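Q: got a sequence here, can you model it:
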Amino acid sequence: MLTESVTTDIVVVGGGLAGICAAIGAARQGSRVALVQNRPVLGGNSSSEVRVWVCGATAHGIHLFARETGIMGELFVENQFRNPDGNPYYWDLLLLEKVRAEPGIELFLNTDVTEVEAEGAQDARVVRSATGWMSGSERRVTFTAPTFIDCSGDGLVGHLAGARSMRGSEPRETYDESWAPDEPGEDMLGSTILFYTKDVGHPQKFVAPSFAVDVAATSIPENRVVRETMNGCDYWWIEWGGDLDVVHDNERIRDELQAVCYGLWDYIKNSGLYDADTLSLEWVGAVPGKREYRRFVGDHVLTQHDVLGQTEFADRIGFGGWSIDLHPVGGVYASEKGSRHWHPDGNYHIPLRALYSHNVTNLWMAGRDISASHVAFGSTRVMATCAVLGEAAGIAASLAGHLAVTPPRLAADHLPELHRAMVRADASLLGVVDDDPANLALVADATASSRKSALASTESAGNHPLDHDLGLVLPIDPSLDEVEILVDAEQDTDLTLELHSVSRPQNYLPDTLRRGVTVPIARGRSWARADLGWRPEAPQNAVVVLRRNPLVSVHRGSRVEPGTVTLRHREMPVEEVSPQQWRHWKETLHGEGICFRATAPTSAFGPEQAVGGYARPYGGPNMWVSGAVAEDPQPWIELRWTAPQQIGTVDLVLDDDVNEDLINLHHHRTPGDAMATLVRNARVEALVGDQWHEVGRITENRRRHRSLDLGEGLRTTALRLVVEDTNGSPEARVVALRAYSA
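A: Presented below is the predicted three-dimensional model:
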């Protein structure tokens, strides 16, 4: 049989979210990419074949202002608009369309890589080609490229190429990880198959197959939550095979998992314990969703200490935030809880050195197979984080190819170029500033028609009892003086307020007490005023803690001020055996906050915030916010130069509220199809002579990152974005306004 040959700049093997984002990320940098996927659909575990929710750095709302940007962010926000009911097939369609929209990508579905040609000494292997069989088409295809990215999940390409890898759990002594076992083990996180049900409106019987598990005879009813209203990923705990070889024993694992699914459905339908008479089984997965297999060894192995300690790598290329989430080896049959979690205090960084092989010189990896210990992998394995790493690997691989350097040389010598490419792509980075000399906005003066200069939410939406400590996150720029809280008191009493700084720019938890005051409150309604005067050395977030007082209730605000969040303190259960893992503070009053007034004016929302700096919340909101559109109906932000500039491209980064936790299949759903904080209609104007002329426009916008091509280029001394309306926000918000010659 003849073998077809495909030659590109980069070959990406694996069409899950890591592979999709790697391919798109590389293609947008100008590389020609072959994306090879062994299934008929894209999406991996998130696809309609498996239907796992895409989770990431928000950790289901545990971490604040944490949602991913870049390609994963595009997917989240567009899915919010297109797919209000969380239809798995609409999600498949969105992924396919995104890939097909990139002219630099050749897509090969149903193509299973079975051979890899590699050569060289063990410490300096080089992948030359990968060959796959395209089922259904009976085609044998060989993919040749100078660079390969293994996003296969199981790490097949790297394994066949001779890349060093790890499996199972390392002993505690290897990385001094408290969650690692005393002795090494081959056990891994198991695989999962899910099922969907629906109400057909009339009685529906179910006859269980003979191979169904007798759930009543197992520990499942005692140790797991089972309800007739559950669907899909509600059953994440249907997990098995962690003590087997999850690849070699894949078929055995699939059979057992399906037997559990049918047994559970039989238990729900026929035990008499559930109101399930009119429910029918709609879908049962046929492909096990794997959690763990090979992990490759890079120039850095991410560990528990990096995740929980939030190590600030110089070569940071992305972030995570999911807890270290490890499961019992017995899976669905285990007597322990289905999972245990240890959350870091905020998002943590992931280094470039964890995304390339230590001994295969042209092999990058992204997704489940990155260089991480078993414990750290418990956090990095979730799909939105895999997607972030995919985009980073794609951009890095493309840049390394353009520069003709190896991955280690890129990490050692070309980080500024990599970071600038990633910032311009709006990739998910924390703490990396826009210092790109190609961005002409950095040498312009930024002004605006108006700016938000006060932090205050004064319109009450009702009361909230102060039966737990509350924490109000506020951006401090340059100072915080007096803070007033709208309260009702049952009788004369006192209210204690404390001002805490946070430990890192991406964290939002009270850390260091700066000042505490107790103020008297008269019976009835009043504004409780506290002098918390603090002027930090640099702008940053702080948390005003309101100590519990059963005699007091605070007022909920009718809206949330930008950059602010209200947290609620949760008491640790007495039965908690791991107090260091308990997360005391969690957001409450989402979309409302509390009624407050900060007396000092703020500089956190000036137009200069949209030029350079950070392109997401980090030590503050980092965006321009106009005054209320009721008073400034078409607010604008302007760049002005002392000498004429040749402008070919204008990039806009708009606020899509990264504090909203979005899920592809809508475990929960934010109201509204388009994010209310996004600019909806706007025009770009350039000053030609003494007249403003429209040179670009965005219409019916629902995206965060927009790039406007001005054609042959425009010579001007001033450029401005005029916001005509938003998707619901009462003010205009712009994260970044950038201008380039090309």
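Q: got the contact list for the residue nearest to Lys198 when sequence neighbours are not counted?
A: Leaving aside its chain neighbours, Lys198 sits nearest to Glu282 (4.6 Å; criterion: CB to CB, 6 or more residues apart in numbering). (Each C-beta comes from the backbone N, C-alpha and C, glycine too.) Residues counted as contacts of Glu282 (CB atoms under 8 Å, 6 or more residues apart in numbering) are Phe195, Tyr196, Thr197, Lys198.
Q: surely His358 and Val297 touch.
A: Yes. His358 is in contact with Val297 according to CB atoms under 8 Å; the separation is 4.9 Å.
Q: residues shared between the contacts of these two?
A: Joint contacts of His358 and Val297 (CB under 8 Å, 6+ apart) are Ala163, Arg164, Ser371.
Q: can you report how many residues lie near the last one?
A: Pointing back at Ser371 there. Neighbourhood size, Ser371 [other CB atoms under 10 Å]: 27.
Q: also the one 4 residues further on?
A: As a burial measure, the neighbour count of Val375 was computed by other CB under 10 Å and equals 25.
Q: quick one: secondary structure of it?
A: helix (DSSP: H, G, I helix; E, B strand; the rest coil).
Q: determine the longest strand present in the chain.
A: strand 705-726 (DSSP state E).
Q: partners of the helix or strand following that strand in the sheet?
A: Following strand 705-726 in sequence order, the next helix or strand is strand 733-740 (DSSP states H and E). Note on strand 733-740: by DSSP bridges, its sheet partners are strand 624-625 (antiparallel), strand 636-654 (antiparallel).
Q: tell me the buried residues in stretch 90-105?
A: For stretch 90-105, the neighbour count (16 or more other CB atoms under 10 Å) marks Tyr90, Trp91, Asp92, Leu93, Leu94, Leu95, Leu96, Lys98, Val99, Glu102, Gly104, Ile105 as buried.
Q: show me what the helix or strand where Arg697 lies is packed up against.
A: In this structure, Arg697 sits in strand 691-698 according to DSSP H and E. The elements that strand 691-698 packs onto, with contact taken as 3 or more CB pairs under 8 Å, 6 or more residues apart in numbering; DSSP states H and E, are strand 679-688, strand 705-726.
Q: tilt between the first one and strand 733-740?
A: It refers to strand 679-688. With axes from the mean of the first three to the mean of the last three CA atoms, to 10 degrees applied, the angle from strand 679-688 to strand 733-740 works out at 40 degrees.
Q: partner strands of strand 679-688 and their direction?
A: Counting by DSSP bridges, strand 679-688 is paired with strand 691-698 (antiparallel), strand 705-726 (antiparallel).
Q: quick check: mean pLDDT of the last one?
A: When pLDDT is averaged over strand 705-726, the result is 95.
Q: the first one too?
A: pLDDT averaged over strand 691-698 equals 97, rounded to a whole number.
Q: who's in contact with that strand?
A: 650, 652, 679, 681-687, 706, 708, 710, 714, 720.
Q: list the contacts for Val297?
A: Per CB under 8 Å, 6+ apart, neighbours of Val297: Ala163, Arg164, Ser165, Met166, Ser357, His358, Asn359, Ser371.
Q: how about JSON lines for those residues, with distance to Ala421 and secondary structure added?
A: Putting the contacts of Val297 into JSON lines (distance: CB to CB, whole Å; DSSP: H, G, I helix; E, B strand; the rest coil) gives the following:
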{"residue": "Ala163", "distance to Ala421": "25", "secondary structure": "coil"}
{"residue": "Arg164", "distance to Ala421": "28", "secondary structure": "coil"}
{"residue": "Ser165", "distance to Ala421": "29", "secondary structure": "strand"}
{"residue": "Met166", "distance to Ala421": "30", "secondary structure": "strand"}
{"residue": "Ser357", "distance to Ala421": "22", "secondary structure": "coil"}
{"residue": "His358", "distance to Ala421": "24", "secondary structure": "coil"}
{"residue": "Asn359", "distance to Ala421": "26", "secondary structure": "coil"}
{"residue": "Ser371", "distance to Ala421": "22", "secondary structure": "coil"}
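Q: ok, those residues vs Ser379, which is closest?
A: Set against Ser379, the nearest of these by CB to CB is Ser371 (13.9 Å).
Q: distance of that closest one from Pro573?
A: 36 Å (CB to CB, to the nearest Å).
Q: list the buried ones in stretch 350-362?
A: Neighbour-count burial for stretch 350-362 flags 350-362 (criterion: 16+ other CB under 10 Å).
Q: Ala686 and Leu708 touch, don't they?
A: No. Between Ala686 and Leu708 there is no contact, the gap being 11.3 Å when judged by CB under 8 Å.
Q: quick check: phi and psi on Trp265?
A: phi -70, psi -40 (degrees, to the nearest 10).
Q: show me what contacts it?
A: Phe195, Thr197, Phe206, Ala208, Leu281.
Q: 6 Å - rerun?
A: Contact analysis of Trp265 by CB atoms under 6 Å, 6 or more residues apart in numbering lists Leu281.
Q: tell me the contacts of Glu592?
A: Glu592 neighbours (CB under 6 Å, 6+ apart): Ala461, Arg556, Gly557.
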